[in-house]
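Asks: compute the structure for the input listed below.
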Amino acid sequence: MTVVVEIPDHLAATLNEAWDNLPQATLESLAVEGYRSGKLSAAEAGEMLGHTSRWETEEFLSAHGVWPGTTVEDLASDLATLARLREA
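Replies: All right, here's what the predicted structure looks like:
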């Protein structure tokens, strides 16, 4: 699918100065937000970006602060589960 995004020229100029490749930066931003929001899996984000390996996608998502996605709550839940299993 081709998506056309209209940006006022003066803002596009500012963004072009910040990023060497505005279309690629836009695609990457969409992939990051798609993954962060749970709308895309890591595999889907990697496919969208044309990555050839899972590791490339993990490195990309990590560089953008959204991988591995483990939260303090996830860790606490895992530790509670481990404690229950050890008691059994």
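
Asks: what stretches of the protein score poorly on pLDDT?
Replies: Residues of the chain meeting the criterion pLDDT under 70: 69.

Asks: point to the residue nearest the middle of it.
Replies: For the chain, the residue nearest the mean C-alpha position is Val32 (2.8 Å; C-alpha atoms, centre = their mean).

Asks: tell me where the protein has helices.
Replies: Remark: helices assigned in the chain by DSSP state H are 9-18, 22-36, 42-49, 54-63, 72-87.

Asks: for the residue nearest to the centre of the chain, which non-adjacent residue is closest in space?
Replies: Distance criterion C-beta to C-beta, 6 or more residues apart in numbering; nearest residue to Val32, sequence neighbours excluded, is His64 at 4.7 Å. Bear in mind the C-beta positions are built from the backbone N, C-alpha and C, glycine included.

Asks: look up phi and psi at that neighbour.
Replies: phi -100, psi 10 (degrees, to the nearest 10).

Asks: returning to that earlier point: tell me which of the helices of the chain lies nearest to Met1.
Replies: Met1 lies closest to helix 42-49 among the helices of the chain, at 10.6 Å (C-beta to C-beta).

Asks: which elements pack onto that closest one?
Replies: Under the contact criterion of 3 or more C-beta pairs under 8 Å, 6 or more residues apart in numbering; DSSP states H and E, helix 42-49 touches helix 22-36, helix 54-63.

Asks: where does the first one sit relative to the chain's centre, distance-wise?
Replies: By that I understand helix 22-36. 8 Å (C-alpha atoms, centre = their mean, to the nearest Å).
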